[in-house]
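Peer 1: Got a sequence here, can you build the structure:
(3 chains)
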Amino acid sequence: MKEVVSVSAKISTGNFFEDFKIGQTVRHATPRTVTTGDVALYNGLFGSRFAVQSSDEFARRSGYPRSPIDDLLVFHIVFGKTVPDISLNAVANLGYADCRFLMPVYPGDTLTATSEVIGLKENSNKKTGIVYVRSRGANQNGDTVLDYARWVMVRKRDESAAPSAEKVPDLPKQVDPAVLGNACPPIDTKAYDTVLAGSPHRFGDYSAGEKIDHVSGITVEDAEHMIATRLYQNTARIHFDHFTESKGRFGKRLIYGGHAISLARALSFNGLGNAFHVAAINGGRHVNPLFAGLTVFAWSEVLAKADLPGRSDVGALRLRTIATKDRPCADFPMKNGEEYDPAVILDLDYWVLIPR
Amino acid sequence: MKEVVSVSAKISTGNFFEDFKIGQTVRHATPRTVTTGDVALYNGLFGSRFAVQSSDEFARRSGYPRSPIDDLLVFHIVFGKTVPDISLNAVANLGYADCRFLMPVYPGDTLTATSEVIGLKENSNKKTGIVYVRSRGANQNGDTVLDYARWVMVRKRDESAAPSAEKVPDLPKQVDPAVLGNACPPIDTKAYDTVLAGSPHRFGDYSAGEKIDHVSGITVEDAEHMIATRLYQNTARIHFDHFTESKGRFGKRLIYGGHAISLARALSFNGLGNAFHVAAINGGRHVNPLFAGLTVFAWSEVLAKADLPGRSDVGALRLRTIATKDRPCADFPMKNGEEYDPAVILDLDYWVLIPR
Amino acid sequence: MKEVVSVSAKISTGNFFEDFKIGQTVRHATPRTVTTGDVALYNGLFGSRFAVQSSDEFARRSGYPRSPIDDLLVFHIVFGKTVPDISLNAVANLGYADCRFLMPVYPGDTLTATSEVIGLKENSNKKTGIVYVRSRGANQNGDTVLDYARWVMVRKRDESAAPSAEKVPDLPKQVDPAVLGNACPPIDTKAYDTVLAGSPHRFGDYSAGEKIDHVSGITVEDAEHMIATRLYQNTARIHFDHFTESKGRFGKRLIYGGHAISLARALSFNGLGNAFHVAAINGGRHVNPLFAGLTVFAWSEVLAKADLPGRSDVGALRLRTIATKDRPCADFPMKNGEEYDPAVILDLDYWVLIPR
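Peer 2: Below you'll find the predicted structure:
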């Protein structure tokens, strides 16, 4: 005979749609000191080759005190902290906007995260609603290193519960180039060695409208995406629990969307080798789910170029990077009419900095 | 034509039951400097979220000079060193007792291990015997950081060999609360930030008899448990060699029992988020084998609570944590009559410290 | 309708046979700072147990300032850098020679690589040719830490293109023992603790002609070899892209040959526990391909012993280590007549140093 089951009050079951209030601020657990160990594991998982992040010597000659932590690793760690409070009961991660990297993070720095609820919108089915948050990652000195808006569709606990208030926030379509240099020290463009960096192409060599196929593909294994996602202390169960997910929506574990972003960024080295810093993410959409065993390819289009006010060392490229699964990108797959090609998994719009 | 095969005298084939003598002391290879790299890989494999181990800042505010190495990582490394001498010819790892964490270990510390044979008991079939050892892990200053008893069933080389002597040691059923604070500096309970730590529940909030389902499950992949077990330099072949094991007892690689302990500990964060330090293991049993592809769940019961003599900062919870495979724990599975539920893989009895 | 496809001029598609010129020197991207994080991941992937590399304390007592980076990790990182320029269009990695480890590498050191083309030989089918390079790895001070020759069969872009010149370089069959001590500081052989090191056998205990089966096997998973190979920033696509390779020569991803070398070296600890330093590789051949799911075994023969001029602390063993797949090595498998046993994957001829 089974015991009577009661859920312990000590268990965190996450927030439901009706638990969020506009203006509410959440301080997230768990603070996290980032180390060269995290860097090594991130490198092993993605094979990144941008020289500034790979070599302390190269970073120093270029203008950094040492190699900074990969921007996307910072993003994933901060994002991971928000999951237990914001998206444990999410049905879908709908989008990002206005994501700005504001200060470099170095090994030894400790990251914490907070989120503010900036919007709420119940869905007409009354079963779910959209929660908009602005999340901030800070270092041990309290400086904001990362700031972004995100919206997720979250389940309601009780269909009859009404939202406290409704509001859809106004979010910028793109991050203003004026703030793109915040996390980038002055770069010594003469000392920046393009041979060591692996590409001769600087800011002036790129044109808006240019398309680049990043050629290579990387197959993802379950062990890899789970190690990555745990490294970020991201607790979304759908990534880790084959037993439950085998009976769920996809019949298998879903890979954290950020995994595809990191793979696409690593692949983009071939063609964008000097684009050493992701300065901002204007918007991003996980178009289709990714599962283990599939191979990720990527291509990019240069959407625009921008000068940074007062800086002659680096310029910004606005990129749209498309990642696909089991579909090479030599012909730049994206949409067939209104619909995304079913192979597309990621449509990411972001700014990178590149030496002039 | 095959060459005549002779086993090189330079090969370590491990000790057999009749090789052990009561009172014998073994110094184990290989000394091991623990680094933040090990911490990162451990985090990637288990996704631990206890704030003291995750953040140097949090650790410093709480009373540590920096984040200590996860207690179980220390255990696995010390345990791993004992394998080539003690359990290379083991049939089964039968139990642990009186396991005490006596001093914190920090990145940069170097661990070595020794074992003393404290008991021997031949089995009636004359093919195997039980070896009892007390193993100690020490740091580079010679301080004991970990001390535990363990017993394993070890094959005999020669059925006719008689044991040198027989003795079953008296081992305590539980570690005395008086020694539980040894590896824990005085904790500044006011500075200890429960929001950052991820749980509001302190010592006073727990009651003996309370049961907590840790809810989530984590599926284990072969790559993961092999990476973990190699990280500990544990050489037990059954974990690594699919070719041989595919024809062996289980038809596949067996996962190191300690892997389930670390998974259960990581899962237990949900419900026990402030139980930052495993101070002692009273006893543990690997009830059933674990294999890749299965999903581990866990639940815990608070068996008892204890004050630490002279300390008002932290208290001790005696926990029994049950881990299962492919079996969620909402109804707290354990035994059906005398027999363990076949889904149970681990029954662990241990003390954790938690701020008051 | 598909867009017209054009390959971006910004993409690196690697060099083809006719692109190489004798005497040409290539500076490779990407510089790489090696850290204790890399060491931890390498240990997790291979389970190495040589005490000098495992313990800073042991290394210091033996004569090093701290644990040096595993020689093969240095090799893989330097090798990885050469891939985008030398072997992206390789059909086969044919051999190594005259590989010398010339200076220890420590955590924090930054590695760069250069290669000189030392030979070219077109194949009679006009579709491929053999490129001989001498590659050098240097640290941040410009000191050469590693120097080796390698030859690979590289595709031609254009069958009608003639090589600029042809030359087959003269390469030594073995590295002269006189240079084997370059990367090894004076070892304090009394302080070198063979119990901690895990083997009582010193230089004098080995004899030329002696064969040692290393007994254990390690199964390789796709996640593991991909993590390893990305850690080295090796970009050879055949290791990572299941989608493309499933339709290719092997029907699956091919494992980087160096993975087998590291596995064989880690296995060789059992029998060669004090052979702490790979001083040189005389030659190596990847006899058969290795794939995920297979189990690697290894055995070694002591080909020769050598004194190091002016040194009484260490001696050199010339070893031939054979690695196999799904084939234990108790009977020392190698060749059946002229042909290698089909289970053999690696035939490696190298020098190790071992205390006297």
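
Peer 1: Quick one: classify the residue nearest to residue A:326 when sequence neighbours are not counted as helix, strand or coil.
Peer 2: Take residue A:326 and drop its neighbours on the chain: the residue closest to it by C-beta to C-beta, 6 or more residues apart in numbering or on different chains is residue C:243, 4.9 Å away. In this view, the C-beta of every residue, glycine as well, is placed from N, C-alpha and C. Classification of residue C:243 by DSSP: H, G, I helix; E, B strand; the rest coil places it in helix.

Peer 1: count of neighbours near residue C:243?
Peer 2: For residue C:243, the neighbour count with other C-beta atoms under 10 Å in any protein chain shown is 21.

Peer 1: Confirm for me that it is in contact with residue A:343.
Peer 2: No. Counting by C-beta atoms under 8 Å, residue C:243 stays clear of residue A:343, with 10.6 Å between them.

Peer 1: any residues in contact with both of the two?
Peer 2: Common neighbours of residue C:243 and residue A:343 (criterion: C-beta atoms under 8 Å, 6 or more residues apart in numbering or on different chains): residue A:326.

Peer 1: Could you count how many residues lie near residue A:22?
Peer 2: Residue A:22: 17 neighbours (other C-beta under 10 Å).

Peer 1: residues contacting it?
Peer 2: A:117-120, A:164-165, A:167 are the contacts of residue A:22 under C-beta under 8 Å, 6+ apart.

Peer 1: can you rerun that using 7 Å?
Peer 2: Contact analysis of residue A:22 by C-beta atoms under 7 Å, 6 or more residues apart in numbering or on different chains lists A:117, A:119-120, A:164-165, A:167.

Peer 1: Doesn't it belong to a strand?
Peer 2: No. Counting by three-state DSSP, residue A:22 falls outside a strand, being coil.

Peer 1: Which per-residue confidence value corresponds to it?
Peer 2: The model reports residue A:22 with a pLDDT of 97.

Peer 1: Against residue A:329, how distant is the closest residue to residue A:206 other than its chain neighbours?
Peer 2: Spatial nearest neighbour of residue A:206, excluding adjacent residues (C-beta to C-beta, 6+ apart): residue A:302 at 5.2 Å. The spacing between residue A:302 and residue A:329, counted by C-beta to C-beta, to the nearest Å, is 15 Å.

Peer 1: picking that back up, OK, contacts around the residue nearest to residue A:206?
Peer 2: A:206-210, A:317, A:319.

Peer 1: what pairs with it across the strands?
Peer 2: With DSSP bridges as the criterion, residue A:302 is bridged to residue A:319.

Peer 1: Of the contacts of residue A:302, which count as buried by neighbour count?
Peer 2: Neighbour counting with 16 or more other C-beta atoms under 10 Å in any protein chain shown marks A:206, A:210, A:317, A:319 as buried within these.

Peer 1: Same list (the residues you listed) but as CSV, adding secondary structure.
Peer 2: Formatted as CSV, the buried ones among the contacts of residue A:302 follow (three-state DSSP):
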residue, secondary structure
A:206, coil
A:210, coil
A:317, strand
A:319, strand
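
Peer 1: Which one of the residues you listed is nearest to chain B?
Peer 2: Closest approach to chain B among the buried ones among the contacts of residue A:302 (C-beta to the nearest C-beta): residue A:319, at 28.5 Å.

Peer 1: Quick check, that closest one in contact with residue A:298.
Peer 2: No. Taking contacts as C-beta atoms under 7 Å, residue A:319 lies outside contact range of residue A:298: 10.6 Å.

Peer 1: and the closest residue to residue A:18 other than its chain neighbours, how far is that from chain C?
Peer 2: Excluding the flanking residues, the one nearest residue A:18 by C-beta to C-beta, 6+ apart is residue A:161, at 3.9 Å. Per C-beta to the nearest C-beta, to the nearest Å, residue A:161 is found 43 Å from chain C.

Peer 1: SS state for residue A:161?
Peer 2: Residue A:161 - assigned by three-state DSSP - is coil.

Peer 1: Could you give the number of residues near it?
Peer 2: 15.

Peer 1: Compute the distance between it and residue B:172, please.
Peer 2: Distance, residue A:161 to residue B:172, by C-beta to C-beta: 53 Å.

Peer 1: How about residue A:218?
Peer 2: According to C-beta to C-beta, residue A:218 stands 52 Å off from residue B:172.

Peer 1: More neighbours: those two, which one.
Peer 2: residue A:218 (25 against 11).

Peer 1: Tell me who's in contact with the nearest residue to the more buried one once chain neighbours are set aside.
Peer 2: Ranked by C-beta to C-beta, 6+ apart and with sequence neighbours excluded, the top spatial neighbour of residue A:218 is residue C:240, at 4.9 Å. Neighbouring residues of residue C:240 by C-beta under 7 Å, 6+ apart: A:217-219, C:226, C:253.

Peer 1: State the pair within these that is farthest apart.
Peer 2: A:217 and C:226 (11.9 Å; C-beta to C-beta).

Peer 1: Just give me the neighbour total for whatever residue of the stretch 51-200 of chain A ends up closest to chain B.
Peer 2: Taking C-beta to the nearest C-beta, chain B has its nearest neighbour within the stretch 51-200 of chain A at residue A:110, 4.3 Å off. By other C-beta under 10 Å, the residues close to residue A:110 number 21.

Peer 1: For residue A:339, see how far away it is.
Peer 2: From residue A:110 over to residue A:339 (counting by C-beta to C-beta), the distance is 44 Å.

Peer 1: With residue A:163 instead?
Peer 2: Separation of residue A:163 from residue A:339 (C-beta to C-beta): 31 Å.

Peer 1: So if I had to pick from the two, which one is more boxed in?
Peer 2: Neighbour totals were compared for residue A:163 and residue A:339, and residue A:163 leads with 17 against 9 (other C-beta under 10 Å).

Peer 1: show me the contacts for the more buried one.
Peer 2: A:17-18, A:120, A:122, A:129.

Peer 1: how about a cut-off of 8 Å?
Peer 2: Counting by C-beta under 8 Å, 6+ apart, residue A:163 has contacts A:17-18, A:20, A:120-122, A:129.

Peer 1: so which helix or strand takes in the nearest residue to residue A:334 once chain neighbours are set aside?
Peer 2: Excluding its sequence neighbours, the residue lying closest to residue A:334 (C-beta to C-beta, 6+ apart) is residue A:322, at 5.5 Å. Per DSSP states H and E, residue A:322 falls inside strand A:311-325.

Peer 1: Next, the buried residues of that strand.
Peer 2: A:311, A:313-325.

Peer 1: so of the contacts of residue A:163, which ones are in strands?
Peer 2: A:120-122, A:129 (DSSP state E).

Peer 1: Same list as before, these that is, but in TSV and with neighbour count, distance to chain B and pLDDT included.
Peer 2: Output for the ones in strands among the contacts of residue A:163, formatted as TSV (neighbours: other C-beta atoms under 10 Å in any protein chain shown; distance: C-beta to the nearest C-beta, whole Å; pLDDT from 0 to 100):
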residue	neighbour count	distance to chain B	pLDDT
A:120	24	23	97
A:121	16	28	97
A:122	17	27	96
A:129	22	23	96
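
Peer 1: Can you tell me the SS state at residue A:230?
Peer 2: helix.

Peer 1: show me the contacts for it.
Peer 2: A:240, B:43-47.

Peer 1: Same check on residue A:71?
Peer 2: When contacts are counted by C-beta under 8 Å, 6+ apart, residue A:71 touches A:101, A:183, A:277-279.
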